[in-house]
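Q: all I have is the shape, not the residue letters:
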């Protein structure tokens, strides 16, 4: 080495091979091309390509997977065909999408896939008829005075007619329906009872 070719003023350390002079920092004895930085050494400098290889491996590099504990991003673009969420146990976890002000979450056209709702596993405060007991059999009656709709519970639904009735006389009023089959007629008498008669 020709010392005249160098300006050595202020030099605190000079290293030739593994022989170092001075007391400044670490002694560098290798230029490494290891893209994994597995040696974790204080005595090696890595090349530009090694640094790029390491960073690409950590950030995905557009080709590899990225695995992190948490991620905060201004925007996320998914170019694949699926996005899934799984918990530590392997079961599905919730995916929450928050919007502010007039933010909109838009989903493209897709085939609907639904899950049969149950009383125990659906929206809070939602009631289902099946969970409220068996409905009571009922029929509507019409008041012959003001023609208002009323409700009457059928107590003899297993019989042919709800209430036995003779043919109407002049004091009885009825609202008749069409003859069903030429021999039977449905009427509502003035008491609001449903009557089936043969004609």
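A: Done, it's in. Bear in mind that the values here come from a model prediction, so they are computed numbers and not experimental data.
Q: next, count neighbours for residue 57.
A: Using other CB atoms under 10 Å, residue 57 has 14 neighbouring residues. Heads up, the C-betas are built off the backbone N, CA and C, glycines and all.
Q: verify the stated contact: it with residue 35.
A: Yes - Residue 57 lies in contact with residue 35 (CB atoms under 8 Å); the separation is 7.2 Å.
Q: could you list the domains of the protein?
A: 12-59, 138-198 (automatic domain parsing).
Q: phi, psi for residue 55 please.
A: Dihedral angles phi and psi of residue 55 (degrees, to the nearest 10) take the values phi -60, psi -40.
Q: number of residues surrounding it?
A: Neighbours of residue 55 (other CB under 10 Å): 11.
Q: quick check: it vs residue 37, distance?
A: Relative to residue 37, residue 55 is positioned 10 Å away (CB to CB, to the nearest Å).
Q: do the same with residue 97
A: 37 Å.
Q: same drill for these two, tell me which one is more crowded.
A: For residue 97 versus residue 37, the count of surrounding residues by other CB under 10 Å is larger for residue 37: 15 against 6.
Q: and the closest residue in space to that one that isn't next to it in sequence, what is it in contact with?
A: In space, and not counting its chain neighbours, residue 37 is closest to residue 54: 5.3 Å by CB to CB, 6 or more residues apart in numbering. Neighbour list for residue 54: 35-37, 46 [criterion: CB atoms under 8 Å, 6 or more residues apart in numbering].
Q: quick check: phi and psi on residue 54?
A: Dihedral angles (degrees, to the nearest 10) for residue 54: phi -70, psi -50.
Q: next: residue 56.
A: Dihedral angles (degrees, to the nearest 10) for residue 56: phi -60, psi -40.
Q: count of neighbours near it?
A: 14.
Q: distance of residue 113 relative to residue 76?
A: Distance from residue 113 to residue 76, by CB to CB: 23 Å.
Q: how about residue 111?
A: Taking CB to CB, one finds residue 111 at 24 Å from residue 76.
Q: between those two, tell me which one has more neighbours.
A: Higher neighbour count among residue 111 and residue 76: residue 76, with 7 against 4, using other CB under 10 Å.
Q: can I assume the more buried one sits in a helix?
A: No - remark: residue 76 does not belong to a helix; assigned using DSSP: H, G, I helix; E, B strand; the rest coil, it is coil.
Q: use 56 as the first number for this chain going forward.
A: Yep, numbering from 56; the last one is residue 131 now.
Q: residue contacts, it?
A: Per CB under 8 Å, 6+ apart, neighbours of residue 131: none.
Q: what about it, distance to residue 152?
A: Separation of residue 131 from residue 152 (CB to CB): 11 Å.
Q: over to residue 85?
A: Distance from residue 85 to residue 152, by CB to CB: 49 Å.
Q: so where's this structure uncertain?
A: Counting by pLDDT under 70, the ranges of the chain that qualify are 56-80, 115-121, 141-150, 153-156, 165, 169-170, 172-245, 251-254.
Q: redo that, cut-off 50
A: Across the chain, the ranges flagged by pLDDT under 50 are 206-208, 216-237.
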